[in-house]
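Enquirer: could you work out the structure for the sequence below:
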Amino acid sequence: MPPRIGKLPKKVLTALPPGLLEQIDFVAEVEHRNRSELIREACRRYIDEFRRNHTPPKPEVQVQKEFVLETAEERFARIKAEQIQTLQEA
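Expert: The predicted model follows:
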């Protein structure tokens, strides 16, 4: 992904175990990419996965659940009232 106009990429210095760096270099070579491109993609994928697993449900879903619970409570009250009426008529 190219940097946005006016936004220069930040450089990060990180230490990697030699075996991991060798694997990164191997994959980058096979895919005709450089280390930076490969590491950026890995970071983006990790963050996307993290967001999918750690994002709370949207408010619309919570409202819908509350609506369903409310409807169930109303139905229970109606059924109970019908049962009481049936017993009184008997």
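
Enquirer: tell me where the protein has helices.
Expert: With DSSP state H, the ranges of helices along the chain come out as 18-30, 35-54, 59-89.

Enquirer: residue nearest the middle of the chain, spatially speaking?
Expert: For the chain, the residue sitting closest to the mean C-alpha position, by Cα atoms, centre = their mean, is residue 52 at 1.7 Å.

Enquirer: domains of the protein?
Expert: 14-55, 57-90 (automatic domain parsing).

Enquirer: measure residue 41 to residue 11 for me?
Expert: Using Cβ to Cβ, to the nearest Å, residue 41 is found at 17 Å from residue 11. From N, CA and C alone the C-beta is placed, and that goes for glycine too.

Enquirer: flag the shaky bits of this protein, pLDDT-wise.
Expert: By pLDDT under 70, the low-scoring segments of the chain are 1-5, 57-70.

Enquirer: so which of the domains of the chain gets nearest residue 7?
Expert: Closest approach to residue 7 among those (Cβ to Cβ): domain 14-55, 14.3 Å.

Enquirer: mind exporting the C-alpha coordinates of stretch 14-34 to CSV?
Expert: Output of stretch 14-34 as CSV, limited to C-alpha atoms (Å, rounded to 0.1, in the frame of the first residue of the first chain):
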residue,chain,number,x,y,z
THR,A,14,13.2,-4.7,15.5
ALA,A,15,15.3,-7.7,16.4
LEU,A,16,14.4,-11.0,14.9
PRO,A,17,15.8,-14.5,15.5
PRO,A,18,18.1,-15.6,12.7
GLY,A,19,15.8,-18.5,11.7
LEU,A,20,12.8,-16.2,11.4
LEU,A,21,14.7,-13.7,9.3
GLU,A,22,15.9,-16.5,7.0
GLN,A,23,12.3,-17.6,6.5
ILE,A,24,11.2,-14.1,5.8
ASP,A,25,14.0,-13.7,3.2
PHE,A,26,13.1,-17.0,1.6
VAL,A,27,9.4,-16.1,1.2
ALA,A,28,10.3,-12.6,0.0
GLU,A,29,12.6,-14.1,-2.6
VAL,A,30,10.1,-16.7,-3.8
GLU,A,31,7.4,-14.0,-4.1
HIS,A,32,9.7,-11.4,-5.6
ARG,A,33,9.1,-9.0,-2.8
ASN,A,34,11.3,-7.3,-0.3
